[in-house]
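S.K.: Predicted model follows, preceded by the sequence.
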Amino acid sequence: MITRRDFLRLSTLFSGAALAGGSFAGGRSPGAVGRAEGPLVISTWDFGQAANAAAWGILAQGGTALDAVEAGARVPEADPENQSVGLGGRPDRDGHVTLDACIMDAKGRCGSVAALEHIVHAVSVARAVMERTPHVMLAGEGALQFALEQGFAKHDLLTEKSRREWQEWLKEARYRPVPNIENALPGGGRNHDTIGILAVDAAGDLGGACTTSGLAYKRHGRVGDSPIIGAGLYVDNGVGAATATGVGEEVVRIVGSHTVVERMRAGDTPEEACKQALERILRLGPKAWRDVQVGFLALRRDGVVGAYALQDGFTYAVRSGPVDEVRRAPHLL
Ligand code: ASP
């Protein structure tokens, strides 16, 4: 008979093995997953290339995955042409640009901000929450107050272009997320969305970040998956990391990125893990899935990369040298 003390001792042993990339109680045994041969960075959508380039500048010099993913995420945040991240992001239905972001490192430390207004680099505020407070997540007014106290500058994030489009939208005001809006090119302009970025550094440590202005014309106060640790992003240094893009409500329902990492711990390849998570979402249906895009992107600690999406059209950028490779994820529907 197993006593409570035995049980606690065994649980500790099992979680230690899991952290070391070892066996998994109750699942297929993946065997030990080795570490990556060299640094690598991946990010969601084809605009991830510019983000990867910034991250690579840090990784190639022996910098940490944490610094690299923050630097990468800051690129689309500062780009006023990118209408779903940071400056220039599409507003909510009341005209407020509200940002969601989070970051997580190899030690399992994490920080996040939700519904943050007026600050361009939400990902850096998330990092400050992680490093300078005892908390994980700050939201709304409190997040803004903290950012200002930390010296972040206050900006109007609503660009003229995003304001004009919002005013057009108000004429009809019919809320409906558009699948693959991230890679659509309306009028030749760029129309990208959430960036999730994952990296492994030269020391073999992982880091991840995720930042977005969320679904365009959402209800004021709506928070998506992107700032929720486990949903929009999850990093486990002994296994791998995952991030999500698409309709956040669907991702939150299955704690998507954590699910992907746990599937990898159980022995699934990164691609299979992403597919399994999407199948879990579909099982929660029925729904008009044709109107819904969700994509997962995963990086195993040994540098193997995989992705899967509900719909065709989810692209991601991979960099392990001076040039990016843009890949198109397989899809379920
Ligand atoms: N996942 C983001 C959200 O739900 C949006 C997106 O990636 O398209 O806020």
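M.R.: Right, received. Where do you want to start? This structure is a prediction, so every number in the text was calculated from the model and none was measured.
S.K.: Tell me how many other residues crowd the residue nearest to Val292 when sequence neighbours are not counted.
M.R.: Using Cβ to Cβ, 6 or more residues apart in numbering and skipping residues adjacent in sequence, the residue nearest Val292 is Val247, 5.2 Å away. C-beta: built from backbone N, CA, C; applies to glycine. Residues near Val247, counting by other Cβ atoms under 10 Å, number 19.
S.K.: swap in Ser320?
M.R.: When neighbours are defined as other Cβ under 10 Å, Ser320 has 20 of them.
S.K.: quick one, what contacts it?
M.R.: Gly38, Pro39, Leu40, Val41, Gly303 (Cβ atoms under 8 Å, 6 or more residues apart in numbering).
S.K.: Now the element after the least confident helix or strand in the chain by mean pLDDT, going C-ward?
M.R.: Every helix and strand in the chain was compared by mean pLDDT, DSSP states H and E; the lowest is helix 4-19, with a mean of 41. Following helix 4-19 in sequence order, the next helix or strand is strand 40-44 (DSSP states H and E).
S.K.: from memory Gly95 sits against Arg164, does it?
M.R.: No. Here Gly95 does not reach Arg164: they are 11.6 Å apart, not a contact under Cβ atoms under 8 Å.
S.K.: The two - which one has more neighbours?
M.R.: For Gly95 versus Arg164, the count of surrounding residues by other Cβ under 10 Å is larger for Gly95: 14 against 10.
S.K.: Would you quantify the distance from that one to the ligand?
M.R.: In this view, Gly95 and the ligand are 17 Å apart by Cβ to the nearest ligand atom, to the nearest Å.
S.K.: That residue should be in a strand, yeah?
M.R.: No. Looking at Gly95 with DSSP: H, G, I helix; E, B strand; the rest coil, it is coil, so not inside a strand.
S.K.: which residues touch it?
M.R.: Per Cβ under 8 Å, 6+ apart, neighbours of Gly95: Leu158, Arg163, Trp166.
S.K.: Neighbours of the second one, how many?
M.R.: Which is Arg163. Using other Cβ under 10 Å: Arg163 sits among 15 other residues.
S.K.: I'd like the next helix or strand past the helix or strand hosting it.
M.R.: Element membership of Arg163, judged by DSSP H and E, is helix 160-172. Per DSSP H and E, helix 160-172 leads on to strand 195-200 as the next helix or strand towards the C-terminus.
S.K.: same for the helix or strand following that next one, what does it pack against?
M.R.: Where DSSP H and E defines the elements, the next helix or strand beyond strand 195-200 is strand 206-212. Identification of packing neighbours for strand 206-212 by 3 or more Cβ pairs under 8 Å, 6 or more residues apart in numbering; DSSP states H and E yields helix 65-78, strand 99-104, helix 122-132, strand 195-200, strand 233-236, strand 240-246.
S.K.: check whether the fifth one contacts the ligand.
M.R.: Translated: strand 233-236. No. Against the ligand, strand 233-236 shows no contacts by Cβ under 6 Å from any ligand atom, the least distance being 10.7 Å.
S.K.: hmm, who's touching that strand?
M.R.: Strand 233-236 is contacted by residues 19, 102-106, 108, 110, 196, 198, 206-210, 226, 241-244, 257-258, 260-261, 265 when judged by Cβ under 8 Å, 6+ apart.
S.K.: Thank you kindly, that will do.
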